[in-house]
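S.K.: Could you work out the structure for the sequence below:
(2 chains)
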Amino acid sequence: MRRVHPLWRGFFLACLLTAALVTTGGADWLSALRGDRQALTLLLMTALGAGLTSIPELLCRSKRTPVRPRRTQLLLCFLCGAAMALACGMAGTGRILSALAEGSAGAFSFVGTAALTAFVTARIAARRGRT
Amino acid sequence: MRNLTDFILPGTLGLLLGLTLRWTRLCRPNALRRALALRLCHETRSLLYAVGASIAMTAGLMWLAVMDVDGIVVLPLSAGALAGGAVFGIAAALCGFTPLTAFAGPGSGRPGQALCTLAGCLAGTLLLPLLAEPFAALQALPPFSAATLFFTTLDEPFLLGGGFAGQTCTGLIMMTLAAVIPSNRLSRPAAAPPIHAHAPAAPARTAPPIPILPPRHARLYAPEPLLRLPSPAAEPAAPVSTDQNADFSQN
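M.R.: Modelled structure (predicted):
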């Protein structure tokens, strides 16, 4: 498959996020986990689409020995998932990207704070992983 | 009609969204961590460009009245949003998934981690009703402002003037930033300058002299010389008699 420029990929992603915002009100995963049909359909089909694309890679990988994640990694992922859900509960919505596109000041502050803390955490984690 | 709005349209969009998330590689934990750490890579540019283009496109759609600006639910700026953002950023950087990318994560090569993240999101969502009161109190704390950043809606307050143009400019700034920042994977080693452009003319290549060797069996096949002259070094010159000189003079 021919490689596409990263800006084109970002543009396609933006088009899809905007289309989801216009037609279904955005990808609200908090509502999806609460049982909203539209949001749940959107996110389940997201999983299906990503899974379909990964079939060739999975077939190539099936010959190799799979690397099993440690239990601590799985536990960390579980705790981080719960923390993200609680964080969106603190803010009051699960459709952060859509709120950002709509221009809410709260979404801008949420994303700005998240980007700052994520930057620091990712740098520290990368440094610790290197040493 | 209800099937179209509830299932077909969101399903199609979700399918394409999954394909694109996989295409941008943002559903991979390491790629998302690189993007969050602002490393100079494809994922950072894609993410920044997607957010900027989404903001600019939404502003354009609101300006064209394709989107109903009265239907926008404004997320208020509060202590809850700030604290939530901080917790969200730390959690996303540690596990390498956001809730949206965790849905696309089972095909990312780390299905166990993605499923654990999703399970954690579900558990946190189930815990939310228990924590509704403290979170509501947190959302009411200052700096409380249920406003949009720019003047885009009719009824809601706003922090900055500028309207749709201001919001579009915000998106365009992010897009320009994404286009300008270098990407390490795109950079290639500098190409060698062309020889014919400014470099001095290279000296003309001349073939090295080929040594002429005698053939291997030259002695065998060489014809006998018709007249073999004695070399002066081999034989000393004989004294010339005066008689011979007389003969020469006579001839």
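
S.K.: ok, and what's touching stretch B:31-38?
M.R.: A:115, A:118-119, A:121-123, A:125-126, B:25-26, B:41, B:43-44, B:46-47, B:89, B:92-93, B:96-98, B:101 (CB atoms under 8 Å, 6 or more residues apart in numbering or on different chains). For every residue, glycine as well, the C-beta is placed using N, CA and C.

S.K.: I only care about these that end up buried; give me the PyMOL line for that.
M.R.: Selection of the buried residues among the contacts of stretch B:31-38 in PyMOL, burial being defined by 16 or more other CB atoms under 10 Å in any protein chain shown:
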select buried, (chain A and resi 115+118+121+122+123+125+126) or (chain B and resi 25+26+41+43+44+46+47+89+92+93+96+97+98+101)
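
S.K.: Enumerate every residue touching the residue minimising distance to the centre of chain A.
M.R.: When CA atoms, centre = their mean is applied to chain A, the residue found nearest the centroid is A:W29 (9.8 Å). Contact analysis of A:W29 by CB under 8 Å, 6+ apart lists A:39, A:43, A:94, B:99-100, B:103, B:121.

S.K.: and if you look at A:V111?
M.R.: A:96, A:100, B:51, B:85.

S.K.: List just the nearest of the contacts of A:W29 to A:L33.
M.R.: Distance ranking of the contacts of A:W29 against A:L33, using CB to CB, places B:C121 first at 6.3 Å.

S.K.: neighbours around the closest residue in space to the closest one that isn't next to it in sequence, how many?
M.R.: Spatial nearest neighbour of B:C121, excluding adjacent residues (CB to CB, 6 or more residues apart in numbering or on different chains): A:G81 at 4.3 Å. Using other CB atoms under 10 Å in any protein chain shown, A:G81 has 29 neighbouring residues.

S.K.: Remind me what whatever helix or strand A:G81 lives in packs against, helices and strands.
M.R.: Secondary structure assignment for A:G81, by DSSP states H and E: helix A:71-91. When contacts are defined as 3 or more CB pairs under 8 Å, 6 or more residues apart in numbering or on different chains; DSSP states H and E, helix A:71-91 sits against helix A:29-34, helix B:79-95, helix B:99-103, helix B:111-127, helix B:132-139.

S.K.: for those helices, which one sits closest to A:L59?
M.R.: Comparing the helices and strands packed on helix A:71-91 by CB to CB, helix B:111-127 comes nearest, at 14.7 Å.

S.K.: And that closest one, what does it pack against?
M.R.: helix A:29-34, helix A:71-91, helix B:99-103.

S.K.: and with 6 Å instead?
M.R.: Packing partners of helix B:111-127 (3 or more CB pairs under 6 Å, 6 or more residues apart in numbering or on different chains; DSSP states H and E): helix A:71-91, helix B:99-103.

S.K.: for the chain, which spans come out with low pLDDT?
M.R.: All of this refers to chain A. A:1-2, A:61-67, A:130-131 (pLDDT under 70).

S.K.: Please refer instead to chain B.
M.R.: In chain B, residues with pLDDT under 70: B:1-2, B:184-251.

S.K.: Helices of that one, start to end?
M.R.: With helices called from DSSP state H, chain B shows them at B:2-3, B:9-23, B:29-36, B:42-63, B:79-95, B:99-103, B:111-127, B:132-139, B:163-180, B:218-221, B:242-250.

S.K.: In JSON lines, list the ones you listed along with distance to A:L21.
M.R.: Putting these into JSON lines (distance: least, CB to CB, whole Å) gives the following:
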{"stretch": "helix B:2-3", "distance to A:L21": "20"}
{"stretch": "helix B:9-23", "distance to A:L21": "10"}
{"stretch": "helix B:29-36", "distance to A:L21": "21"}
{"stretch": "helix B:42-63", "distance to A:L21": "6"}
{"stretch": "helix B:79-95", "distance to A:L21": "19"}
{"stretch": "helix B:99-103", "distance to A:L21": "13"}
{"stretch": "helix B:111-127", "distance to A:L21": "21"}
{"stretch": "helix B:132-139", "distance to A:L21": "23"}
{"stretch": "helix B:163-180", "distance to A:L21": "13"}
{"stretch": "helix B:218-221", "distance to A:L21": "93"}
{"stretch": "helix B:242-250", "distance to A:L21": "124"}
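
S.K.: Determine which of those helices approaches B:T153 most closely.
M.R.: So among the helices of chain B, helix B:42-63 is nearest, using CB to CB, at 8.6 Å.

S.K.: That closest one packs against which elements?
M.R.: Going by 3+ CB pairs under 6 Å, 6+ apart, helix B:42-63 lies up against helix A:6-24, helix A:96-102, helix B:29-36, helix B:163-180.

S.K.: And for it, what's in contact with it?
M.R.: A:6-7, A:9-11, A:13-14, A:17-18, A:101, B:24-25, B:31, B:34-35, B:38, B:67, B:69, B:152, B:164, B:167-168, B:170-172, B:174-175, B:178, B:183, B:185 (CB atoms under 6 Å, 6 or more residues apart in numbering or on different chains).

S.K.: so how far is it off the chain centroid?
M.R.: Centroid displacement of helix B:42-63 relative to its chain, using CA atoms, centre = their mean, to the nearest Å, is 18 Å.

S.K.: Nice, that's everything, thank you.
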